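Enquirer: Prediction below, plus the sequence it came from.
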Amino acid sequence: MIHAGRERPAFTTDAFHRGGFWLVQPRDAGHRAGMDALMLAAAVPSGFRGHAVDFGAGAGAAGLAVAARCREATVTLVELSPEMTGFARQTLAHEGNAHVAPRVSLVEADVTQTGKVRAGAGLADNSCDFVIMNPPFNMARDRATPDELRRRAHVMENGLFESWLRSAAAIVRSRGGLALIARPQSLPQILAALAGRFGSTEIMPIHPRADAAAIRIVLRARKGARGALALCPPLILHDQGHELSIRADAISNGQASLFAD
């Protein structure tokens, strides 16, 4: 109950992975993390021990989910918005994240920067082993909103996949990994931007139910690899009703990886 004269806090503090880590995120503005971030993080293999970079990290959900599940990994959160970077700082300072925060760093930077400017912002070439990204993948007509912070987090700009994947290819080491989540209709632009940079691509469709069309794809690839593209069996989020399927529940709670590795 909120008493008269007392304003609601502008943020919420939410448990993920059943209390495995906590997120401080905006209550009514900007982007609030959910299943997309958790599925993206689950694309990183469970035995990953290297350094991962989370492009467009927001308050830090996907990056912290990687650090919580892969206990020998280090993670850098990269976020452009000063407001969301502030939430990420609060997230890392939360007492419930004391076991993961020492392995997580935060960079306020534009991932579309190039060359020396990008390196000077803390994203040096060949400096990480895996890049994950949850870019703004909605068309403007799909996400009309007066909230500028939410618009920047959700609405795609022209050439977004090309610029984000160009930067990912620059900072990840040879044979390093890439994972992203997007809408299925973005697949042509994504595959075009991957060409000559990443290969051995795996695509997993995400369906709300077995009889419904996919609403997301999670794509994983390796820098410089040349293997054929593989379309993986889908993840079905809900078996019946509104409850998560057994597999989706395990993935959302950090108990399983998306690609079973």
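Expert: Yep, that arrived.

Enquirer: can you give me the strands in the stretch 51-200 of the chain?
Expert: With DSSP state E, counting those that start in this stretch as the criterion, the stretch 51-200 of the chain has strands at 51-55, 74-79, 104-108, 128-133, 172-182, 198-207.

Enquirer: got the ones you listed as a markdown table, with mean pLDDT, mean neighbour count and distance to D261 columns?
Expert: Just so you know, the C-beta spots here come from the backbone N, C-alpha and C atoms, and that holds for glycine as well. A markdown table is the format used below for the strands of the stretch 51-200 of the chain (pLDDT from 0 to 100; neighbours: other Cβ atoms under 10 Å; distance: least, Cβ to Cβ, whole Å):
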| stretch | mean pLDDT | mean neighbour count | distance to D261 |
| --- | --- | --- | --- |
| strand 51-55 | 98 | 26 | 15 |
| strand 74-79 | 98 | 25 | 18 |
| strand 104-108 | 97 | 19 | 22 |
| strand 128-133 | 98 | 25 | 13 |
| strand 172-182 | 98 | 22 | 11 |
| strand 198-207 | 98 | 19 | 10 |
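
Enquirer: wait, which of those is closest to I251?
Expert: Closest to I251 of these, according to Cβ to Cβ: strand 198-207, at 10.2 Å.

Enquirer: Compute the inter-axis angle for that closest one and strand 172-182.
Expert: Using axes from the mean of the first three to the mean of the last three Cα atoms, to 10 degrees, one finds that strand 198-207 and strand 172-182 are set 20 degrees apart in direction.

Enquirer: Touching the following helix or strand past strand 198-207 from outside, list them.
Expert: The first helix or strand that comes after strand 198-207 along the chain, using DSSP states H and E, is strand 216-223. With Cβ atoms under 8 Å, 6 or more residues apart in numbering as the test, strand 216-223 has contacts from 36, 39-40, 43, 169, 172-184, 186-187, 190, 194, 197-206, 235, 258-259.

Enquirer: mind checking how far strand 216-223 is from the chain centre?
Expert: The chain centroid and the centroid of strand 216-223 are separated by 12 Å, computed with Cα atoms, centre = their mean, to the nearest Å.

Enquirer: Skip ahead from it and say which helix or strand is next.
Expert: Downstream of strand 216-223, the first helix or strand assigned by DSSP H and E is strand 230-231.

Enquirer: Counting by contacts, list what that next one packs against.
Expert: On a contact count with 3 or more Cβ pairs under 8 Å, 6 or more residues apart in numbering; DSSP states H and E, strand 230-231 meets strand 198-207.

Enquirer: Who does the strand it packs on pair with, and is each partner parallel or antiparallel?
Expert: When pairs are called by DSSP bridges, strand 198-207 turns out to pair with strand 216-223 (antiparallel), strand 230-231 (parallel), strand 235-236 (parallel).

Enquirer: how far is the last one from where the chain is centred?
Expert: Pointing back at strand 235-236 there. For strand 235-236, the distance to the chain centre is 18 Å (Cα atoms, centre = their mean).

Enquirer: Go ahead and name everything in contact with it.
Expert: Here strand 235-236 has contacts from 39, 204-210, 218, 245, 247-248, 251, 258, using Cβ under 8 Å, 6+ apart.

Enquirer: Just the buried ones from those, in PyMOL syntax?
Expert: Buried residues among the contacts of strand 235-236 (16 or more other Cβ atoms under 10 Å), as a PyMOL selection:
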select buried, resi 39+204+205+206+207+218+245+248+251+258
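
Enquirer: Mind putting the contacts of strand 235-236 into CSV with distance to F48?
Expert: Formatted as CSV, these follow (distance: Cβ to Cβ, whole Å):
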residue, distance to F48
M39, 16
M204, 17
P205, 23
I206, 21
H207, 26
P208, 28
R209, 30
A210, 30
V218, 16
S245, 24
R247, 20
A248, 21
I251, 15
L258, 13
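
Enquirer: What score does A109 have for pLDDT?
Expert: According to the prediction, A109 has pLDDT 96.
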